[in-house]
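In: Make a model of this:
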Amino acid sequence: MFSAGYELKEIDPRAQKVMAEAGLDLSEQRSKSLKEFMGKMTVDYLIIVCEKTEENCPITFPGFRYRMYWPFEDPVAFVGSEEAKLAKFREVRDQIAARIKLWLRESELD
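Out: Residues are numbered from 1 along each chain as shown. All right, here's what the predicted structure looks like:
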């Protein structure tokens, strides 16, 4: 499994915190561009989770077999107290996890 984005950004410390709560250490991860992967490998599923990326990315990519769009709210854009922001990051983390589990069940990939 690989993760890449349309725009390179630092990994938000709140994302690191809420993923650590779920048992995933992001401390050694870095923001990666799709260009690092395009045309260099075959990827079965490209899953886009950001509206901005969906609007700005080409319809197809070399090496990507299936393209899916699962829109989620961007927790970085949420306005509120630090605790409210962390709650939004947790909410989106949990929504993504639930969507992945549903997709795996539906696809019989689990």
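In: Now residue 26: closest residue in space that isn't a chain neighbour?
Out: residue 16 (4.6 Å; CB to CB, 6 or more residues apart in numbering). No exception for glycine: its C-beta is placed from N, CA and C like everyone else's.
In: Now do stretch 91-106: everything it contacts.
Out: If you take CB atoms under 8 Å, 6 or more residues apart in numbering as the criterion, stretch 91-106 is touched by 18-19, 22, 49, 70, 72-75, 109-110.
In: The same query, at a cut-off of 7 Å, please.
Out: 18-19, 22, 49, 70, 72-73, 75, 110 (CB atoms under 7 Å, 6 or more residues apart in numbering).
In: Need the residue closest to the centroid of the chain.
Out: Note on the chain: the residue nearest the mean C-alpha position is residue 49, at 5.6 Å, using CA atoms, centre = their mean.
In: Report the secondary structure state of the nearest residue to it once chain neighbours are set aside.
Out: Leaving aside its sequence neighbours, residue 49 sits nearest to residue 72 (CB to CB, 6+ apart; 4.9 Å). Secondary structure state of residue 72, per DSSP: H, G, I helix; E, B strand; the rest coil, is coil.
In: mind checking pLDDT for residue 72?
Out: Note on residue 72: pLDDT of 93.
In: ok, it - how many residues close by?
Out: 14 (other CB atoms under 10 Å).
In: which residues sit in contact with it?
Out: Counted by CB under 7 Å, 6+ apart, residue 72 has contacts 49, 92, 95-96.
In: Swap in 10 Å and give it another go.
Out: 49-51, 91-93, 95-96, 99 (CB atoms under 10 Å, 6 or more residues apart in numbering).
In: Repeat that for residue 22.
Out: Counted by CB under 10 Å, 6+ apart, residue 22 has contacts 90, 93-94, 97.
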